[in-house]
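Asker: give me the fold of what follows.
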Amino acid sequence: MTLTFVALLVSLVLTLLSGVVYINFLKKKMFNQQILEEAPESHKKKAGTPTTGGVFLILSAVAASGIALFLNQTASKLAFVILLGFVFLGLAGFLDDFQKISKKQNKGITPRMKLGFQIVIALLPTIFLLFSDYSEVDFFGRVINIGWLYPFFAVFVIVGVSNAVNLTDGLDGLASSNCFFAFLACTVISIITQKFDLAIISAAVAGSCLGFLYFNKHPASVFMGDTGSLALGGVLAMIALAGRFEMYLIFIGLIFMSETLSVIMQVTSFKLTGKRIFKMSPIHHHFELCGWDEVKIVKVFSAVTICMSVLAVKLYILAH
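Answerer: Numbers count the residues shown, from 1 in each chain. Just a heads-up that it's a prediction; the model follows:
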């Protein structure tokens, strides 16, 4: 319990310290964000903001996790696999970001290639979980063995949540703030189930998100890029799968799901009817075009995540 807090605190401090150094490096090397042409007009002024900030976020979380796990002597193979998957997803995101930077446009690797990387990386923790006799899913207190469907389910959850957080990362502080509260909820549930290795990793990532938010709040001095968002979504899913509370991500990650569903609904509606449901998707852009400023959207979305996270923890306690 104590070392969970230590992991969060160490990660927070490491993120704040490394952030200053890394952002200065990005400015010197011109690792700057390219803005989509169809983005809201208010986003045009963000062009040139340093990106790939997910690098120092991930490294800080991994370092803090390693320190706390070593001190707590709970460094399991599962914890190692989760951290490895976290880093690999960050590398996949970095490749995408680097392509955008080198081409000086907001198009990195192809969507098919990105999805391929995510699936291959998701197989790492999935295979490990299979060999650890994971084949059951906890449907809010009712455990169901889904057998051979489990690997498909696990890969779908990891890739789906990874992309959901990626879609959410469209406003200053939006992904980092919502991820902070989501990982706090995962930390609490992991402590309740006495899976302290998962609690330590989750707390460390939460600390990094909080530290990153210091640089990423409006007006952002750095963006996490796909480097951070793909990795954060993936490790959130991996922790939930390993802790057997993946269904509670429906509540914890409601904002992330809403962002994804808004895109699916928008594309489907336009292809079938030629009409758009939202002024723009993902849904945070819809609220922007309705007149909400970025800070208001981030505050409201974060409040939703806080409420849903508390609800998820409460439902977990009631179900168990």
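Asker: do you know how far the nearest residue to residue 217 once chain neighbours are set aside is from residue 267?
Answerer: Closest residue in space to residue 217, ignoring its immediate chain neighbours: residue 173 at 4.4 Å, by CB to CB, 6 or more residues apart in numbering. Backbone N, C-alpha and C define where each C-beta goes, glycine included. Separation of residue 173 from residue 267 (CB to CB, to the nearest Å) stands at 26 Å.
Asker: more neighbours, these two?
Answerer: Applying other CB atoms under 10 Å to residue 173 and residue 267 shows that residue 173 carries more neighbours, namely 25 against 13.
Asker: quick one: contacts for that one?
Answerer: By CB atoms under 8 Å, 6 or more residues apart in numbering, the contact list for residue 173 reads 213, 216, 217, 218, 220, 294, 298.
Asker: please report phi then psi for it.
Answerer: phi 80, psi 0 (degrees, to the nearest 10).
Asker: tell me which stretches of the stretch 1-150 of the chain form helices.
Answerer: With helices called from DSSP state H, counting those that start in this stretch, the stretch 1-150 of the chain shows them at 2-29, 54-72, 77-103, 111-131, 150-168.
Asker: hmm, residue 248 is touching residue 237, no?
Answerer: No. Contact between residue 248 and residue 237 fails when scored by CB atoms under 8 Å: they sit 11.7 Å apart.
Asker: neighbour-wise, which of those two wins?
Answerer: More crowded of residue 248 and residue 237, by other CB under 10 Å: residue 237, with 27 against 24.
Asker: make sure that one is indeed in a strand.
Answerer: No. Judged by DSSP: H, G, I helix; E, B strand; the rest coil, residue 237 forms no part of a strand; its state is helix.
Asker: which residues does it contact?
Answerer: 157, 158, 160, 161, 162, 246, 249.
Asker: go again using 10 Å as the cut-off
Answerer: Residues in contact with residue 237 (CB atoms under 10 Å, 6 or more residues apart in numbering) are 85, 122, 125, 154-162, 164-165, 246, 249, 253.
Asker: what about this protein, any weak spots by pLDDT?
Answerer: 30-47, 74-75, 104-106, 108 (pLDDT under 70).
Asker: try 50
Answerer: Within the chain, no stretch has pLDDT under 50.
Asker: any idea how far residue 96 is from the residue in it sticking out farthest from the centre?
Answerer: In terms of distance from the mean C-alpha position of the chain, residue 273 ranks first, at 32.6 Å (CA atoms, centre = their mean). As judged by CB to CB, residue 273 and residue 96 stand 32 Å apart.
Asker: I appreciate the help and will end here.
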